[in-house]
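**Student:** Just the structure for this:
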Amino acid sequence: MKRHFSSLTGPEALRIAIAIEDRNAEIYRQLADLFSHFCPESPTLASTFSELSSTERQHSIVLRTRYLERYGKVNAGIAEEDIRDFIEVPRFEVADIVAAIETGSPGSGRRIALEIAAAAERSALHYYERLAAVALDPQMKSLYQEFASFEQEHTDWLKAELASNYSDRASLRVAKSTSDHE
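**Tutor:** The predicted structure is shown next:
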């Protein structure tokens with residue numbers, strides 16, 4: 001049975017935050033590998049996704065450390081999918097990106113990847129904003145606000161990248177799918 005966001009305990013909320021950072025790091029690692037393999041003549045995007053992956057891994061380490069300090073061993077117990085009102089990130093389909101690249105439209109593959117990243121970052125931003133809004137512990141509130149700020153920076157960069165290189169607004173439908181939820 002799915003639970004409401006408001007029913008999360010402190011340890012559960014932090015475990016989900018760790019899972020979000022791990023999930024995003026893995027998505028970005030896969031995208032870096034994909035662009036490195038299929039677009040070796042254009043290493044900038046692969047490098048960018050590799051850097052994003054590294055950043056998300058560092059975020060995960062910080063959150064795990066905080067979890068260990070406060071609650072002890074990090075154990076699974078709950079996942080994003082267990083929360084009823086959680087915003088789901090669109091599924092990452094390698095085939096869609098590869099097909100776009102192989103059909104001679106590497107720009108479309110890049111756009112799809114950036115939209116996926118934007119959706120993932122918006123989802124994380126929304127989660128941290130919600131946690132900061134309900135956190136009673138000042139240290140945890142501060143931590144969640146800090147992470148919301150990190151995710152906002154990523155979201156702003158991805159939004160600008162999409163706007164500057166892919167100005168047709170129809171292409172932003174995937175990235176916008178997670179932005180307007182409570």
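**Student:** Look at K73 and tell me its secondary structure.
**Tutor:** Here K73 is recorded as coil under DSSP: H, G, I helix; E, B strand; the rest coil.
**Student:** how about it, what does it touch?
**Tutor:** Contacts for K73 (C-beta atoms under 8 Å, 6 or more residues apart in numbering) come out as none. C-beta here means a position set from N, CA and C on the backbone, and glycine is covered the same way.
**Student:** and the residue sitting nearest the centre point of the chain, how far is that from Y128?
**Tutor:** For the chain, A120 is the residue whose C-alpha lies nearest the centre (C-alpha atoms, centre = their mean; 3.1 Å). Taking C-beta to C-beta, to the nearest Å as the measure, A120 falls 13 Å from Y128.
**Student:** before we move on, back to that, looking at this, the residue nearest to the centre of the chain is in a helix?
**Tutor:** Yes: checked against three-state DSSP, A120 lies within a helix.
**Student:** Which pLDDT value does the model give it?
**Tutor:** Per-residue pLDDT puts A120 at 89.
**Student:** Quick check, it in contact with R23.
**Tutor:** Yes: between A120 and R23 there is a contact under C-beta atoms under 8 Å: 7.4 Å.
**Student:** Where does pLDDT dip in this protein?
**Tutor:** Filtered on pLDDT under 70, the chain yields the residue ranges 1, 76-92, 105-106, 166-182.
**Student:** which stretches of it form helices?
**Tutor:** Per DSSP state H, the chain carries helices over the ranges 10-38, 43-71, 94-102, 106-134, 138-165, 173-176.
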